[in-house]
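Student: got a predicted structure plus its sequence, pasted below:
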Amino acid sequence: MRDRRLFRITGLLLALALVAAACGGDDDTPAPADDDGSDAVADGEDIEITLARFFGDCDETTEGVTDVSEATTECEVIQILTNAFNEEDNGVTVERLGGAVWDQYYTQLSTTFAGGNPPHVAVMHSHRLPDFAGRSLLRPLDDDLAGADIDFADFTEPAQQGAMFEGDIFAVPFDIHGSLWHVNVDLFEQAGLVDDAGDPIMPTSVDELLEQAETIEAETGALYFSQDWFEFAVGARLFLGLVAQQGGDIVDADGNATVNTPEGQEALRVLNELATTASDPSQGYTDSESAFVAGDVAVLHNGTWVVDQYNRQADFNYAALQVPILYDQSGFWGDAHMWVLPDASNEDAVERDASLAFVAFLYENIGSWAAGTGHLANRTSVLTGGELDDAPQRANYADAADTAVFVPAVEGWAGAWDSLADELQATWISDKDPQSALADAEERMNENLGTVTD
Amino acid sequence: MSVVRDGEGDQATMHVQSGVAAPKKAKAARTPDPTRFSPTDLGAWGFLLPFLAAYALFMLYPVGQALVMGFFDWDFLDITRRQWAGWDNYRRMFWGTEMTWSVDHLVVLRVIGLALLIPLARSWRKGSLPRASIATLAIMLVAIFGVILGIHPGEGGRWFDSQFWLSFGNTLLFVAMSTPAIVGTGLALALALNRPSRLTGLLRAMFFAPYVLSVAVMTLIWAFMLNPSLGLVGLVGDWFGATPINLLNSSTWAMSAIVLATLWWTVGFNLVLFLAGLQDIDVQQYEAASLDGANAWQKFRHVTVPGLRRTIRLVVVLQVIYSFQIFGQVFIMTRGGPDGATRVLIQHIFERGFRDFELGYASAMSVFLFIVIILVSVVQFMFLGGEEDEA
């Protein structure tokens, strides 16, 4: 009997607690935090703006640090720059939102847009811009840049292209990053593949590339070439570069994927030649890196973001070089990190000015970013100003800021790129016939790009 | 579950008490008026309401919304692009160009599927299961394996979304591989550890421990273990003189590696359920079986298995549901590769919804997965341990 009463009372209490919690929520809701901005101005306090970015978490090593020369990683550079901006007497405080891993960043960013509460400033890759700008989620900056002392004309041509969508400027570019040939010069020297100055000789044709591979293997026993063959889309990056070097493009003027072309077939042939004769296609991102740093690989195809890391880690004579030109013209995959202002959170003029002030600060520090990370500076004045002269390896690939090949500015590119990477990988992982891989890639990419008609 | 049991127990107590105190009322109590509200109901609802509220808000409402969104071209971020699409999303999933039907398409799978009609026919003859259930399942089998799976794009045609079929096929493969492995291992471990000693207590805790890890930690451990140059698997292979291969980079082995990692991660849960089930079996039954001269296998076959029937059904149904929902481990360990070998349906749904912003299409695929899981669960409930419940 007592049990029954206890059961009833507990049940009632539970229900009451639920009702109380539901009602309490309404009463206690404070004024929305977003409204604080204008009040804060009245009180003479800082305006708080929110920042969404990847590049990782490094609060522990950067707390209180405002001298960017102390930074050793991408994360530390951007965090120290943020600290430095917050330290300045500019009336603005930047608060970073959570989420730091680049490959899940866009899912998190999209949900903030869907929830109607995007950050004031967000980092964005150039290849993702069309998805957000095309949905009118970003603020066009054409009229804002002059007021913020940002000279758009100072950016290099690829950087400008990457920040624009359908004729409008939607972003302030921060860098250009792209493919590089990371070279173990000692192995090249051992194989006699250096010039009089002791610099490694770069191949100028596919035949020379494959000959070098044979020589390196015969003379040193090391693997000639490595890259991440299956985790990220690194193979697709080289594919894009090789197609561009032949004067081809992977998307036509109407936005249709065009990878099943003579240029595409040739590029895929070279990739498979490398995979089977000069590399180990079971290596992923980390394996290929460790093999290179351990001195077991002569050439590693990876990006600009690891230059300083390899420079520190390698026990051998290391060089970061541009992707060799194997055909008629220069060409290698490139992309850009850029700063965008989501429209919904920058309607208020005071907050918008605060956002622009922060972006202008980052624009002023593009040189520090390039010096601290290995990425290419994208401003002509910085590239020619001598600011990067002391940074290691930069002189070897500084021209790349003018010649990087960006992926096409079309909506749905993220999916199309994944499809391309999938199909290319199938040729060296599962021996899929290259011809049908390219045909399938084209079909899948067009489906991603929404250009398939029933 | 426990709330319902408590409620039943409570009512049973009430019957007995009423029976002693007032025989006339006993009759009324035995057939309670379901429309009449009693104070006991209040208590029961008090316990149920918080759960039901959360269930409705976080389960029923999203399911309803997915159903609706599946009929729209529903852009994740741009409200101006949302428009009625009718059955287009489903057509994109299930259809293609130059569609045709042929008898030999997926012939092995279809023959295996149709072969399931044989045990059904046997059950029909024996009358061991309700004939309506058998007939329903038989019609489903013929429809799916006899007819539907014979449809495919013909010469020069293609599926509108070939990745949907690839990822659904991989999901089915994962269910087929992981369910027997994880349920079987869970049962074997439970049988081995079902004895009171300090060591078995420790071992139970050890086997259960991985279950508390998050998917991110578990995948990190396994990515390391499976790494051919750094991990345990490569090392063991090395002892036997085998060239270490990267299992996660092999389209033949990647799915098995994922199943292995999942087994290690989740078998503890099944182990605990089976242990609880084993403890419910009366020891006297084993004693009686021993007196009758039964050996260990006979005791397992005729005492343990019947005693565990309900637990087995619960574990299998839950395991199948979990396996259909596989996503995290694949997404982190292989991203669906290599060559699409581990690409599963939830990953496809996730990418269409959150990478490509096609939430309407993603919803339609979710609805399809939801229906498949319900159908499979219903069939399992009908046929696993059905005889016991009828009795």
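Tutor: Yep, it's here.
Student: pLDDT value on residue B:330, please?
Tutor: Residue B:330 is assigned a pLDDT of 93 by the prediction.
Student: an error on my part: the question was meant for residue B:221.
Tutor: Looking at residue B:221, its pLDDT stands at 90.
Student: show me what contacts it?
Tutor: residue B:213 (Cβ atoms under 8 Å, 6 or more residues apart in numbering or on different chains). To be clear about C-beta, it is placed using only N, CA and C from the backbone, and glycine gets the same treatment.
Student: and the gap between it and chain A?
Tutor: Counting by Cβ to the nearest Cβ, to the nearest Å, the gap from residue B:221 to chain A is 15 Å.
Student: ok, that residue to residue A:244 distance?
Tutor: 41 Å (Cβ to Cβ, to the nearest Å).
Student: where does residue A:389 sit, in terms of helix or strand?
Tutor: Assessed by DSSP states H and E, residue A:389 sits outside every helix and strand.
Student: number of nearby residues for it?
Tutor: 10 (other Cβ atoms under 10 Å in any protein chain shown).
Student: what parts of the stretch 151-300 of chain A come near chain B?
Tutor: Neighbours of chain B within the stretch 151-300 of chain A, by Cβ under 8 Å from any Cβ of the partner chain: A:229-231, A:282, A:284, A:287, A:290.
Student: quick check: the two most widely separated of those residues?
Tutor: A:230 and A:290 (15.8 Å; Cβ to Cβ).
Student: tell me which of these two has more neighbours.
Tutor: Neighbour count, other Cβ under 10 Å: between residue A:230 and residue A:290, residue A:230 has more, with 27 against 15.
Student: who touches the more buried one in this structure?
Tutor: A:281, A:284, A:425, A:429, B:249, B:337-338.
Student: at 10 Å instead, please
Tutor: Contacts for residue A:230 (Cβ atoms under 10 Å, 6 or more residues apart in numbering or on different chains) come out as A:281-285, A:421-422, A:425-426, A:428-429, B:246, B:248-249, B:334-335, B:337-339.
Student: then residue A:208?
Tutor: A:201-202, A:324, A:326.
Student: cool, residue B:189 as well?
Tutor: Shown in contact with residue B:189 (Cβ under 10 Å, 6+ apart): B:203-204, B:207-208, B:267-268, B:270-271, B:274-275.
Student: do residue B:105 as well
Tutor: Residue B:105 neighbours (Cβ under 10 Å, 6+ apart): B:149-152, B:154.
Student: now the spatially closest residue to residue B:209 that is not a sequence neighbour. Its backbone dihedrals?
Tutor: Residue nearest to residue B:209 in three dimensions, not counting chain neighbours: residue B:268, with 7.0 Å by Cβ to Cβ, 6 or more residues apart in numbering or on different chains. Dihedral angles of residue B:268 (phi, psi; degrees, to the nearest 10) stand at phi -60, psi -30.
Student: where's residue B:268 relative to residue B:204, distance?
Tutor: 8 Å.
Student: torsion angles phi and psi at residue B:132?
Tutor: Per-residue torsions, residue B:132: phi -60, psi -40 (degrees, to the nearest 10).
Student: now do residue A:121
Tutor: phi -130, psi 140.
Student: burial count for it?
Tutor: 25.
Student: filter the contacts of residue B:189 to the buried ones?
Tutor: Among those, those classed as buried by 16 or more other Cβ atoms under 10 Å in any protein chain shown are B:204, B:207-208, B:267-268, B:270-271, B:274-275.
Student: helices and strands around the helix or strand where residue B:256 lies, which ones?
Tutor: Assigned by DSSP H and E, residue B:256 belongs to helix B:254-279. Judged by 3 or more Cβ pairs under 10 Å, 6 or more residues apart in numbering or on different chains; DSSP states H and E, the packing partners of helix B:254-279 are helix B:162-193, helix B:198-208, helix B:215-226, helix B:305-324, helix B:328-333.
Student: put the alpha carbons of the second one into CSV.
Tutor: Extracted as CSV, the C-alpha positions of helix B:198-208 are listed here (Å, rounded to 0.1, in the frame of the first residue of the first chain):
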residue,chain,number,x,y,z
ARG,B,198,36.5,-12.5,-8.9
LEU,B,199,38.2,-13.1,-12.3
THR,B,200,35.0,-13.3,-14.3
GLY,B,201,33.8,-10.1,-12.6
LEU,B,202,37.0,-8.4,-13.8
LEU,B,203,36.7,-9.8,-17.2
ARG,B,204,33.0,-8.7,-17.5
ALA,B,205,34.1,-5.2,-16.7
MET,B,206,36.9,-5.4,-19.2
PHE,B,207,34.7,-6.6,-22.0
PHE,B,208,32.1,-3.9,-21.2
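Student: run through who's touching that helix.
Tutor: Counting by Cβ under 10 Å, 6+ apart, B:185-186, B:189-190, B:192-194, B:197, B:264, B:267-272, B:275 sit against helix B:198-208.
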